[in-house]
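# just the structure for this:
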Amino acid sequence: MERAGKQVSLNKISKILGIGVDTARRFLSYFEDTYLIHPIERCGKLNERLKSPKKIYAGDIGIKNIYTGFRDKSAVFENLVYLKIKHKNPCYIYKNKIEIDFLTKDKILIEAKYNSELTDKQKKLFESINADKKMLIKNVKDFTSSF
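Numbering: from 1, shown residues only. Here you go, the predicted structure:
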């Protein structure tokens with residue numbers, strides 16, 4: 001739950017918990033099968049998608065907040081956006097250490113920035129991506145009016 005909205009490495013999880021990589025993979029699979037977490041792949045060719053770490057999102061914000069507290073509002077906001085668009089099979093974009101939150105299968109580019117702005121590098125990447133629609137969601141009003 002602490003990693004919701006962030007890239008997840010099975011190697012890192014296994015080291016932190018002192019378990020094998022296969023055990024970590026199996027546990028994540030259990031969490032996914034029971035809808036506690038939702039992983040998304042990095043956008044790109046098959047090879048890139050397979051080699052790159054997945055980002056995970058909590059299936060229920062309330063459960064996430066029980067374990068982590070309500071301290072990272074930006075992560076909670078991004079997770080809420082994901083839950084709203086998960087049916088569109090989003091992937092995330094990661095180029096030159098810059099990340100854009102979501103690109104949906106119907107070519108909608110979405111960046112969730114709770115009460116903040118894109119950095120110059122994010123803005124440049126955001127503008128360079130070919131998409132049918134681009135959405136910068138910065139607050140609850142943007143969130144509710146966008147969907």
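# how far away is the residue lying farthest from the centre of the chain from Leu36?
Note on the chain: the largest C-alpha distance from the chain mean falls to Gly18, namely 25.2 Å (CA atoms, centre = their mean). Distance of Gly18 to Leu36, given as CB to CB, to the nearest Å: 21 Å. Backbone N, C-alpha and C define where each C-beta goes, glycine included.
# likewise Ser128?
In terms of CB to CB, Ser128 sits 35 Å off from Leu36.
# okay, those two: which has more neighbours?
Each of Ser128 and Leu36 has its neighbours counted (other CB atoms under 10 Å); Leu36 has more, 16 against 9.
# now for the more buried one: which residues touch it?
58-60, 63 (CB atoms under 8 Å, 6 or more residues apart in numbering).
# for Ala112, what are its contacts?
By CB under 8 Å, 6+ apart, the neighbours of Ala112 are 74, 77-78, 81, 101-102, 137.
# in CSV: those residues, plus distance to Pro53, neighbour count and pLDDT.
Listed next are those as CSV, based on distance: CB to CB, whole Å; neighbours: other CB atoms under 10 Å; pLDDT from 0 to 100:
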residue, distance to Pro53, neighbour count, pLDDT
Ser74, 20, 13, 90
Phe77, 22, 21, 93
Glu78, 16, 24, 94
Val81, 20, 25, 96
Asp101, 15, 22, 97
Phe102, 16, 25, 97
Ile137, 24, 24, 95
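# many thanks, I have nothing further to ask.
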